[in-house]
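Asker: can you look at this prediction? I've put the sequence above it.
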Amino acid sequence: MAEASGARPTPHDRSPASASALALLTGFVRAGVRDVVVAPGSRSQALALVAAELERVGAIRLHVRIDERSAGFLALGLAVESGRPAVVIVTSGTAVANLHPAVLEAHHSGVPLIICSADRPVELRGVRSNQTTVQPGIFAGAVRLERDVPAPVGAPTELDAAARLARVAVAVSLGRDDRGVPSPHPGPGPVHLNLQLTEPLSTAVHLDEAPTPDPGDPVTTAATAASASVDPGAEGGPKGALIAAGPRTVVVAGAGAGPGAEQFARDGGWPLLAEVTSGARFGPNLVVASRELLNEPGFGDRIERVVVFGHPTLSREVPALVQRRDVESIVVAPSGIEWYNPGRRVRRFERAVRAEPQPTPLPPGAREWLGRWVHASRSIVDAGLPQTLGLMSGVDETGHVSDYAAQREYMRAQLAAVREPVSRRMLVDAVWAATWPHDRLVFGASRLIRDADRAVTGRRITVHANRGLAGIDGTVATALGIAIASGGVTRAVVGDLTLLHDVGSLLLGVGEARPRLQVIVGNDGGGTIFDALEVAGSAETEAFDRVQFTPQAVDLSALATAYGWGYARATTRGELSDALAAPVDGPTLLEVPLPR
């Protein structure tokens, strides 16, 4: 990195704020950061302008959002997809508070995130100074590290201290300690740097070349350590406690479980009950209809042991199983701030486990246990599918229509199928089928993710959802971050209230990336997820609708036009197929009306 010649400012001409901002952000780049999200403000101007200069020389990708809440969730999506911490820069006051939802989600889901909030110097706190509140501690216990950094004054040691702080922040956000040593508890998560800044708040900064990551930067080091987490003593298998064969066992994979849960179930010869966002919903042991079978005599009541990976959030049956006194529950999490422990009944927790690979074919008892679950699940799922046209009378196995009457019947059936109104099952099945392994699929915390979890078959595709706190906050912004970081096609399946809750994130400013994102809105006019509450059957209808269902009649076509997004509407199976088959060349909104 070199300073330009001529009349451009030298390091000695810069304000302490700009010099410190340059050292800090350059330190982030050297530590492996690639994405910086800026929400504009006066107090943070030095940080924002340095970020713009780093983008100009190709050191970072800069993203600008006017809404701090959207900025936080955009950074969350960037970090989830890339595995690198994203940096968010905001000004002081309520700007910082608007990041709290994204910080909480990152905290509970273990996503690396670095918050850089600008602040007044400490002497201006508590005296009603404009746009000043107590920012240190604003995120309470939801950050892995917090530093309240004194305002720079131009001292010789400040720049080195800022660079060191950047490296520490990146390392801690990735689940390592402030020396870069692996720290499995509490694992990856958010970091808050509260930066006191005094006037002059900025001066011009110009770079002739881009800083580059240092050898052994924290991001590369963490990624290498994760890929090398193999125990040579376990014949190449993952490290961890051995879970022996024996009891009738099922493996539950919740959000974030990852493919290791599928491998564990396959090694042990056990049924795999994998949620749609688990990253483990594939393989020969997958049981899609897990909710039904957990309640079915001869299945759920015969379970003697359950091994839980990730964070199960999509059913009541799983926590009920874990709490049963006649079931041994083992919860596995490589890191995290809390253990999954419904009812506080779990007695065994492990950071990693392994199963001894079973012989092929499985022993008779294990084969019977696994086979009953898998075959019964397939029967239940298949029963919910529409009859295929090829099975109708007059159509042979080659698709040939044998006579004129059969031709007419066949054409009527085809036309009826194309004109069939879209149902929730049809919608999630169609989106799931349209998603390729290199695509990304995002689910909002609406009814549709539960419909998908009940129905979609096994496929090894990348699925994201904000399941740390399972809120609808920032789903559009998160999907935008995932789409930008992946560079490919991303589809987000959300309910209408999930979209409207984050409608501000549709705003993509001039010069901002317009990724290949299709937001698919299942529009049933309100919060039908609450119709499943027990109280819905006894509460007064008008009151329930007003405070729970919250009906809406927003014109989504006009909304898309206002924000410059493409728009399409699909009311039938044929229209849905066409919309999902169309190229996704930029941000588009696909509205799918659904019955309540």
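Answerer: The structure has been received and is ready for your questions. Numbering: from 1, shown residues only.
Asker: which parts of the stretch 451-596 of the chain are helices?
Answerer: Taking DSSP state H, counting those that start in this stretch as the criterion, the stretch 451-596 of the chain carries its helices at 475-486, 496-501, 541-544, 556-563, 573-581.
Asker: can you say which of the ones you listed is packed in most?
Answerer: helix 475-486 (a mean of 28; mean count of other CB atoms under 10 Å). Where you see a C-beta, it was placed from the backbone N, CA and C, and this is true even at glycine.
Asker: now for that helix, which elements pack on it?
Answerer: helix 68-82, strand 440-443, strand 462-465, strand 490-495, helix 496-501, strand 517-523 (3 or more CB pairs under 8 Å, 6 or more residues apart in numbering; DSSP states H and E).
Asker: mean confidence score for it?
Answerer: Per-residue pLDDT over helix 475-486 has a mean of 98.
Asker: ok and that helix relative to strand 517-523, angle-wise?
Answerer: Between the axes of helix 475-486 and strand 517-523, defined by axes from the mean of the first three to the mean of the last three CA atoms, to 10 degrees, the angle is 150 degrees.
Asker: export helix 475-486 to PDB, keeping only CA atoms.
Answerer: The C-alpha trace of helix 475-486 is given here as PDB (Å, rounded to 0.1, in the frame of the first residue of the first chain):
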ATOM      1  CA  THR A 475     -35.200 -12.100   5.600                       C
ATOM      2  CA  VAL A 476     -35.100 -10.100   2.300                       C
ATOM      3  CA  ALA A 477     -31.800  -8.400   3.400                       C
ATOM      4  CA  THR A 478     -30.300 -11.800   4.400                       C
ATOM      5  CA  ALA A 479     -31.300 -13.300   1.000                       C
ATOM      6  CA  LEU A 480     -29.700 -10.400  -0.800                       C
ATOM      7  CA  GLY A 481     -26.500 -11.000   1.100                       C
ATOM      8  CA  ILE A 482     -26.500 -14.700   0.300                       C
ATOM      9  CA  ALA A 483     -27.200 -13.900  -3.400                       C
ATOM     10  CA  ILE A 484     -24.400 -11.400  -3.600                       C
ATOM     11  CA  ALA A 485     -21.900 -13.600  -1.900                       C
ATOM     12  CA  SER A 486     -22.800 -16.700  -3.900                       C
END
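Asker: and that helix, how far from the chain's centre?
Answerer: Put simply, helix 475-486 sits 9 Å off its chain's centre (CA atoms, centre = their mean, to the nearest Å).
Asker: shaky segments in this protein?
Answerer: Residue ranges of the chain with pLDDT under 70: 1-12, 178-185, 226-238, 385-416.
Asker: mind checking the longest helix of it?
Answerer: Criterion DSSP state H: the longest helix present in the chain is helix 364-383.
Asker: can you spell out which helices and strands pack onto it?
Answerer: Counting contacts by 3+ CB pairs under 8 Å, 6+ apart, helix 364-383 is packed against helix 290-294.
Asker: could you rerun that using 10 Å?
Answerer: strand 249-253, helix 259-268, strand 272-274, helix 290-294, helix 447-455 (3 or more CB pairs under 10 Å, 6 or more residues apart in numbering; DSSP states H and E).
Asker: let me have these in TSV, extended by distance to residue 329 and mean neighbour count.
Answerer: Below are the helices and strands packed on helix 364-383 laid out as TSV (distance: least, CB to CB, whole Å; neighbours: other CB atoms under 10 Å):
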stretch	distance to residue 329	mean neighbour count
strand 249-253	9	29
helix 259-268	15	23
strand 272-274	13	32
helix 290-294	14	22
helix 447-455	21	23
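Asker: could the ones you listed go into TSV alongside distance to residue 487?
Answerer: Shown next, in TSV, are the helices and strands packed on helix 364-383 (distance: least, CB to CB, whole Å):
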stretch	distance to residue 487
strand 249-253	27
helix 259-268	22
strand 272-274	27
helix 290-294	34
helix 447-455	24
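Asker: of these, which is nearest residue 139?
Answerer: The minimum distance between residue 139 and the helices and strands packed on helix 364-383 falls on helix 447-455, with 27.0 Å, by CB to CB.
Asker: on that earlier part again, residue 307: which of the helices of the stretch 451-596 of the chain is closest?
Answerer: Each of these was scored for nearness to residue 307 using CB to CB, and the closest is helix 475-486 (29.0 Å).
Asker: ok, now which ones touch residue 155?
Answerer: 16, 161 (CB atoms under 10 Å, 6 or more residues apart in numbering).
Asker: so which helix or strand takes in it?
Answerer: For residue 155, there is no enclosing helix or strand under DSSP states H and E.
Asker: hmm, back to that, mind putting the helices of the stretch 451-596 of the chain in TSV, distance to residue 34 included?
Answerer: Formatted as TSV, these follow (distance: least, CB to CB, whole Å):
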stretch	distance to residue 34
helix 475-486	9
helix 496-501	28
helix 541-544	47
helix 556-563	27
helix 573-581	31
